[in-house]
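# here are the coordinates; sequence isn't available:
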């Protein structure tokens, strides 16, 4: 099992940047693919970004490509999401997710481990 704790959310203005962090505890962090998801009020949780076990491959939802960057540090058991050029439509609770099964399972949220979420609010 892995336990996840997100941090770094806040209130920013459109065009600003913000970095979210997710700290993982438990064993074998490097065996999990990691990702970020978000859920806006009244909407379903949606995929934002994912990163492979070794960090060499990343995936992004189309609306964040070129603006967000996911990274991980397996020595420190952390995964981060650098968010640039933030827009009001990026406002949501952001969740860190982990899957031992792979990227497809992670994106389908099959058996994911989740953090408690961190609120990101972007004002116009």
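Cool, the structure landed. Keep in mind it's a predicted model, so treat the numbers as computed, not measured.

# residue 105: which element?
Using DSSP states H and E, residue 105 sits within helix 103-107.

# end to end on stretch 109-124, go ahead and measure it.
Terminal residues of stretch 109-124 are spaced 31 Å apart (C-alpha to C-alpha, to the nearest Å).

# average pLDDT across the helix holding residue 105?
Helix 103-107 comes out with an average pLDDT of 91.

# which secondary structure elements does that helix contact?
If you count contacts as 3 or more C-beta pairs under 8 Å, 6 or more residues apart in numbering; DSSP states H and E, helix 103-107 packs onto strand 33-39, strand 46-51, strand 92-99. (Each C-beta comes from the backbone N, C-alpha and C, glycine too.)

# please state the offset of that helix from the chain centre?
13 Å (C-alpha atoms, centre = their mean, to the nearest Å).

# what residues does the next helix or strand after it touch?
Downstream of helix 103-107, the next assigned helix or strand under DSSP H and E is strand 113-114. If you take C-beta atoms under 8 Å, 6 or more residues apart in numbering as the criterion, strand 113-114 is touched by 1-4, 32, 95-99.
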